[in-house]
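Asks: Need a 3D model of the following:
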Amino acid sequence: MTFAGSKVFMTGATGYTGLVIAEHAVKAGHQVRGLSRSSTGDQKLQAIGAIPVRGDLSSLDTMRGESSNADVVMHLAWIHDFQMDYDEVLKIDKAAVAALAKPLKGTQKPLLYTSVTSLVQPDPSGGETMEDAPEVENPLLRRMAAERSALEWVDLGVRLVVIRLPPYVYGCGGSVFLPMLMQQAVKHKRSIYPEAGNIHTTDVHVDDAARLYLLAAEKAAAGEVFNGTTGTTVTVRQMAEAIAKTTGYPAVSVSRDEAVELWGEFLVNFVCIENRASSRKAQEQMGWRPREASMLTDLVEGSYVETAKRLKDEGGGT
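Replies: Down below sits the predicted model:
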């Protein structure tokens, strides 16, 4: 297929990462249509030159039609409703993937499926992990089942490619978890980290992630899985210290129990996931070259300085 000037359809296009990918695609000369659940989402897409398509992950006919007319399909949407039964979440994703994949059978048009790097076990020696590392043995992290289900479409003639994003996609003062941790620091007037804070995590700048998606659409072969990551050496303590500098509050070690009292169990469990996922494969096979500022630099000197100011003006949600 000719990639230049492609018709791109995206789910999750109104989210933090999806919107940046959509903007990069528009700037690269592609026509982008994005699934949108609301007028607010419509406005976000229109502001960057993309076309909103009203619907959600249950709008199977809409997704089938859009996929049929697209040259590139990117699936970023995921249900983050922690009250919903996880089997239902997996069922909805499987149906959405089927709606997107079936029209692409035998066409060589790419379907980029979004997964996460935290699905594999950390390296026993503390090193980086590759895409083929063993699956993590954690009943709370069953998203690998969705990834495996999506990859079944490869044997049915679909050029499906998996992009695994790290726990921290950052940049432009946004993200999900960094502003959440900053808000907690402002709320409690200290930037805490559980225990010694020596857990390592993985990150990627959202602009670098967007470039990876576009490269994968152009170059990646069916069935390939790529870690979309840059930094793999940042510890939870270093992240807390960077947030402390930005917000002006001290970085403080607390027990895990106290962290749960302050943050809630979900956020503590998330922060304490050891994850060092290497992107060597993406760099070697597709020539991806991350070039944005590191997460710690962006926290202390970059886009999150204004985020910290805004959160302090708002009182950290108190």
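
Asks: what is the rounded mean pLDDT of the lengthiest helix in the chain?
Replies: In terms of residue count, the longest helix belonging to the chain (DSSP state H) is helix 86-101. Mean per-residue pLDDT for helix 86-101: 97.

Asks: Could you do stretch 261-273 as well?
Replies: 95.

Asks: Quick check: which ranges of the chain have low pLDDT?
Replies: 1-2, 139-141, 316-318 (pLDDT under 70).

Asks: At which residues are the helices of it located?
Replies: Using DSSP H, helices in the chain cover 16-27, 39-47, 60-69, 86-101, 143-151, 177-188, 206-219, 236-247, 256-263, 265-271, 280-286, 295-301, 304-314.

Asks: Next one: the closest residue to residue 19 other than its chain neighbours relative to residue 249, how far apart?
Replies: Using CB to CB, 6 or more residues apart in numbering and skipping residues adjacent in sequence, the residue nearest residue 19 is residue 44, 5.9 Å away. Where you see a C-beta, it was placed from the backbone N, CA and C, and this is true even at glycine. Distance, residue 44 to residue 249, using CB to CB, to the nearest Å: 32 Å.

Asks: tell me the domain boundaries of this structure?
Replies: Split into domains by automatic domain parsing, the chain comes to 7-167+204-227, 169-202+232-277+291-314.

Asks: The closest residue to residue 178 other than its chain neighbours: neighbouring residues, count only.
Replies: Computed as CB to CB, 6+ apart, the closest residue to residue 178 that is not its neighbour in sequence is residue 170, at 5.6 Å. Using other CB atoms under 10 Å, the number of residues around residue 170 comes to 31.

Asks: Show me what residue 170 is bridged to.
Replies: Counting by DSSP bridges, residue 170 is bridged to residue 205.

Asks: Just to check, it is in contact with residue 203?
Replies: Yes: taking contacts as CB atoms under 8 Å, residue 170 lies within contact range of residue 203: 5.8 Å.

Asks: Check the contact lists of those two and give me the overlap.
Replies: Residues within reach of residue 170 and of residue 203 at once, by CB atoms under 8 Å, 6 or more residues apart in numbering, are residue 295.

Asks: The spatially most central residue of the chain and residue 277: what is the separation?
Replies: Centroid-nearest residue in the chain, with CA atoms, centre = their mean: residue 165, separated by 4.6 Å. Going from residue 165 to residue 277 by CB to CB gives 9 Å.

Asks: Sounds good, over and out.
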